[in-house]
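Asks: A predicted structure for the sequence below; I have some questions about it.
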Amino acid sequence: MTKSELIEILAAKNGHLNHKDVELAVKSLLEQMSWALATGQRIEIRGFGSFSLHYRPPRIGRNPKTGDSVALAAKHVPHFKPGKELRERVNAGLAREKGLDAPTF
Amino acid sequence: MALTKADMAERLFEELGLNKREAKELVELFFEEIRVALENGRQVKLSGFGNFDLREKNERPGRNPKTGEEIPISARRVVTFRSGQKLKARVEAYAGSEQ
C-alpha cells in the first residue's frame, strides 16, 4: 500500500470530508511524525508502536570504491518498535494464510 | 515528551480546520488502515517517511528467562520499519543526546 492508496482508502471511508482535506491530513500526519523525530522526540501510538532515535557513535568508514578511510560523525537513526496489537494482528494474518492457529506469545 | 495521537489530532484541527471529532477519527483510521494492510501481508510504503516491511521468521529455540526452561519460539511474521532517505537525512542532523 502506498501513500496515495492510503489517501484513497481514507477518503472513501470519510465521505463527509473532501478528498483534498484527507490528502492534506495524511501529509500533515507524516510531517508531524518526521518533525518529531528530527527534533529528538519519540512518537508513541498505543496498539501500533513507538518510534524513537537510536544513537550511532562516530566511526571510521571506508570508501568502497577507493578503499580510503573516511571519518564518519556520530548520528541518530529512526527506530520503530511495533506495539502488541500490531504484532499480534500481523502474526494472526500469517496464521490465517497458512491455515494454522495463531502462535502464542 | 512524546508525540501522541491526541497531539496529531489537535494539529489537524488547528491546521486544516477539521472538527475535533473528525480529526480524532482520521488519526485513528490512519493508523488502523496501516495495520489492516500489514495484517493482510501487504508492505506499506509512505514516500518521504519510510516503509513498513514484513519479514518471516522461522521457529527457533528460546528460553524462559525466569526459569531457564527451553521453549521453542514459534515461526512468526514481524513488521520492520525502514526509514526513507528524506527522514534519515533529517534525523541525522539531530545533534542532541536525550535518547
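Replies: Perfect, thanks for sending it.

Asks: Now do the same contact list for the residue lying closest to residue B:34 once chain neighbours are set aside.
Replies: Closest residue to residue B:34 in three dimensions, ignoring its sequence neighbours and counting by CB to CB, 6 or more residues apart in numbering or on different chains: residue B:44, at 5.4 Å. No exception for glycine: its C-beta is placed from N, CA and C like everyone else's. When contacts are counted by CB atoms under 8 Å, 6 or more residues apart in numbering or on different chains, residue B:44 touches A:1, A:6, B:34, B:37, B:38, B:51, B:52.

Asks: Pick the one among these closest to residue B:22.
Replies: Nearest to residue B:22, judged by CB to CB, of the contacts of residue B:44 is residue A:6 at 17.2 Å.

Asks: Could I get the buried residue list for the helix or strand hosting the closest one?
Replies: In this assignment (DSSP states H and E), residue A:6 forms part of helix A:3-13. Residues of helix A:3-13 classed as buried by neighbour count (16 or more other CB atoms under 10 Å in any protein chain shown): A:3, A:6, A:7, A:9, A:10, A:11.

Asks: Among those residues, which one sits closest to residue B:71?
Replies: Residue B:71 lies nearest to residue A:6 out of the buried residues of helix A:3-13, by CB to CB, at 38.1 Å.

Asks: Let me see the contact set for the closest one.
Replies: A:26, B:30, B:33, B:34, B:37, B:44, B:46.

Asks: Show me which pair in those residues is furthest apart.
Replies: A:26 and B:37, at 13.9 Å, using CB to CB across the contacts of residue A:6.

Asks: biggest helix in chain B, by residue count?
Replies: If you go by DSSP state H, chain B has its longest helix at helix B:20-39.
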